[in-house]
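*Asks:* I need the structure of the sequence given here:
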Amino acid sequence: MKRRGLALSIILGLTLALTSFSAAGCLAAPSPATSATGATGSGESTAVGESTGATIAGESTVVVESTVDVRSQATLDRYRVNEVREYKGQNLDPAIGPRDNSIKGVQTVEIDTYRLSIEGLVKKPIQLTYAEVLKLPPSERLITLYCVEGWQATILWKGVLIEDLINQAGGAANTAKTVIFHSVDGYTTSLPLAIVLEKHLIMAYSANDLELPPEMGYPLIVVAEEKLGYKWARWVNAIELSDDANYLGYWEQRGFSNEADLE
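*Replies:* So this is what the prediction gives:
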């Protein structure tokens with residue numbers, strides 16, 4: 001009986017110690033046999049379940065299980081210094097994806113000579129400097145980017161309404177149906193003008209409270225909410241209004257859906 005009582009005391013002590021350890025926000029490294037991992041877009045929020053048991057002199061094993069969300073080291077390494085990692089209780093992914101998937105590699109834009117053209121079926125085509133874009137009323141959104149490669153990234157975006165940029169050029173002509181986005185590397189994609197206006201889509205210059213990194217499209221990226229990632233044009237240097245409702249961009253010409261809906 002004394003031996004049985006000693007075993008139960010030890011097991012109870014282990015249980016209390018593990019409970020306190022978990023409550024303190026600490027997490028021991030999981031073993032491959034007891035961990036499960038789920039990937040998000042940059043994505044590496046990881047769900048870890050741990051089991052701890054003790055068997056003494058034939059006594060029954062007591063198992064303590066806990067499941068917590070952590071971020072993998074690969075994810076942590078991609079955060080920039082001073083990058084916001086949480087917004088209103090929701091974890092943010094790093095504003096640099098797991099790999100570059102652009103058509104010509106990451107672009108470097110010389111901001112002193114950079115100009116954003118608003119052209120095509122507008123009343124007065126213009127070019128804006130980066131500083132002039134920054135002076136327009138800002139809009140901030142928490143939006144998830146979904147890549148066709150299977151990853152996703154939830155990021156706090158800040159930028160300017162595309163509608164406001166079009167209005168800088170006097171507004172769209174009555175015949176305009178499509179907004180075509182041109183990038184410095186020759187990439188193009190498009191969205192219906194009606195969707196741009198209805199959803200108040202933005203062109204972002206900031207991600208997670210920092211200036212866009214080159215990998216994410218500095219100086220400007222299209223935040224194509226509820227559309228797949230190939231509609232999120234990076235390094236944008238021209239917005240063209242067109243009457244071509246069937247315009248096909250770079251990947252759309254290669255067989256990707258022109259709608260790019262998430263479902």
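*Asks:* only C-alpha atoms for contact and neighbour calcs from this point on.
*Replies:* OK.
*Asks:* ok, L121 to T129 distance?
*Replies:* Counting by CA to CA, to the nearest Å, the gap from L121 to T129 is 20 Å.
*Asks:* quick one, strands of the chain?
*Replies:* Taking DSSP state E, the strands of the chain run over residues 45-52, 64-71, 86-87, 90-91, 116-120, 126-128, 138-146, 152-161, 178-183, 188-192, 202-207, 210-211, 221-223, 236-242.
*Asks:* what's the closest of those to N258?
*Replies:* Smallest distance to N258 across those (CA to CA): 8.1 Å, for strand 188-192.
*Asks:* can you list the residues that contact the closest one?
*Replies:* Residues outside strand 188-192 that contact it (CA atoms under 8 Å, 6 or more residues apart in numbering): 177-182, 230-231, 233, 245, 247-252.
*Asks:* partners of it, with directions?
*Replies:* Strand 188-192 pairs in its sheet with strand 178-183 (antiparallel), by DSSP bridges.
*Asks:* Report the rounded mean pLDDT for the strand it pairs with.
*Replies:* Per-region confidence: strand 178-183 scores 98 on mean pLDDT.
*Asks:* for stretch 225-241, same thing?
*Replies:* What stretch 225-241 shows for mean pLDDT is 98.
*Asks:* that older thread, pick out whichever of L121 and T129 has more residues nearby.
*Replies:* Shown here are L121 and T129; by other CA atoms under 10 Å, L121 has more neighbours (22 against 14).
*Asks:* Quickly list what the residue lying closest to that one once chain neighbours are set aside is bridged to.
*Replies:* Spatially, and ignoring its direct neighbours in sequence, L121 is nearest to L241 (4.9 Å; CA to CA, 6 or more residues apart in numbering). Beta bridges link L241 to G120, V179, judged by DSSP bridges.
*Asks:* so how many other residues sit close to L241?
*Replies:* Using other CA under 10 Å as the criterion, the residues surrounding L241 number 25.
*Asks:* need the helices for the protein, in chain order.
*Replies:* Assigned by DSSP state H, the helices in the chain fall at 2-23, 73-78, 130-134, 162-168, 193-198.
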